[in-house]
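*Asks:* fold the following.
(chains A and B)
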Amino acid sequence: SAVISQKPSRDICQRGTSLTIQCQVDSQVTMMFWYRQQPGQSLTLIATANQGSEATYESGFVIDKFPISRPNLTFSTLTVSNMSPEDSSIYLCSVERDRGSTEAFFGQGTRLTVV
Amino acid sequence: KQEVTQIPAALSVPEGENLVLNCSFTDSAIYNLQWFRQDPGKGLTSLLLIQSSQREQTSGRLNASLDKSSGRSTLYIAASQPGDSATYLCAVRPFGKGSNYKLTFGKGTLLTVNP
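*Replies:* Got it, this is the predicted structure:
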């Protein structure tokens, strides 16, 4: 398995501010993934973070709103910028491991409430 | 486009009951399928992974089956306990590598096991 530490675990933020979420993995990985889970919904992939290159964003997500850093092979951050109540969600960091098959592992999630 | 459906959306059972959660997917060309558990407001815990070539996987009281041709998977939980109360998500992975080949998640089944 993979040990993924994500912080903060939760936060309540004022609209118009920004929050940076950190994700630390216990060993080196090529790709790290950031997901959003809106209330009552399933997980939606925001972007894939590769070390040494720009993150790859999914349709509907833009770098200005969700800037991502990937300074090394064990760490990444996701910033939620200029927040509005619609950004209230659980944000999750994920990595994948190949042990005969590709398996996804997730951090503990960041529960964000924007007021 | 792959779509994953989980039925029922919610399930409430008395302690000790055996139960089955269902997951169906529209495109049978999958690489693997993964079952996760999610506690309220938290991240995902990987429970079982089934390769496309496999029919089932077991871990403790959990048994997951896969019928790729019919686009279905089931998660069987034996002798349910209150601690099993959580949302159970399934996700399918297509063949291929890279950010274009991402997991597709269902919305989950919220399980409540009553003492």
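
*Asks:* look up which residues are beta-bridged to residue A:105.
*Replies:* Note on residue A:105: beta-bridge partners by DSSP bridges are residue A:95.

*Asks:* isn't it up against residue B:47?
*Replies:* No. Counting by C-beta atoms under 8 Å, residue A:105 does not reach residue B:47; the two are 11.8 Å apart. Every residue, glycine included, has its C-beta placed from N, CA and C.

*Asks:* need the contact list for the nearest residue to residue B:30 once chain neighbours are set aside.
*Replies:* In this structure, residue B:30 finds its nearest non-sequential neighbour in residue B:92, 4.7 Å apart by C-beta to C-beta, 6 or more residues apart in numbering or on different chains. Contacts for residue B:92 (C-beta atoms under 8 Å, 6 or more residues apart in numbering or on different chains) come out as B:2, B:4, B:25, B:30, B:32-34, B:103-104.

*Asks:* tally up the residues packed near residue 69, please.
*Replies:* The chain I'm using is chain A. 14 (other C-beta atoms under 10 Å in any protein chain shown).

*Asks:* oops, wrong one, chain B.
*Replies:* Using other C-beta under 10 Å as the criterion, residue B:69 is surrounded by 7 other residues.

*Asks:* helix, strand or coil for it?
*Replies:* Under DSSP: H, G, I helix; E, B strand; the rest coil, residue B:69 falls in the helix class.

*Asks:* list the contacts for it?
*Replies:* So residue B:69 contacts residue B:28 (C-beta under 8 Å, 6+ apart).

*Asks:* chain A: strands as residue ranges?
*Replies:* A:4-7, A:10-13, A:19-25, A:31-37, A:43-50, A:56-57, A:68-72, A:75-80, A:89-98, A:102-106, A:110-114 (DSSP state E).

*Asks:* kindly apply the preceding question to chain B instead.
*Replies:* For chain B, applying DSSP E gives strands covering B:4-7, B:10-14, B:19-25, B:30-38, B:44-51, B:56-59, B:62-67, B:72-77, B:86-94, B:104-105, B:109-114.

*Asks:* want to throw those into a markdown table with mean pLDDT?
*Replies:* Formatted as a markdown table, the strands of chain B follow (pLDDT from 0 to 100):
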| stretch | mean pLDDT |
| --- | --- |
| strand B:4-7 | 96 |
| strand B:10-14 | 97 |
| strand B:19-25 | 97 |
| strand B:30-38 | 95 |
| strand B:44-51 | 95 |
| strand B:56-59 | 96 |
| strand B:62-67 | 97 |
| strand B:72-77 | 98 |
| strand B:86-94 | 96 |
| strand B:104-105 | 95 |
| strand B:109-114 | 97 |
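
*Asks:* run a quick neighbour tally on the nearest residue to residue A:26 once chain neighbours are set aside.
*Replies:* Among residues not flanking residue A:26 along the chain, residue A:3 sits closest, at 3.9 Å (C-beta to C-beta, 6+ apart). Look at residue A:3: counted by other C-beta under 10 Å, it has 11 neighbours.

*Asks:* do the same with residue B:83
*Replies:* As a burial measure, residue B:83 scores 8 neighbours (other C-beta under 10 Å).

*Asks:* please report how far it lies from residue B:113.
*Replies:* Distance, residue B:83 to residue B:113, using C-beta to C-beta, to the nearest Å: 8 Å.
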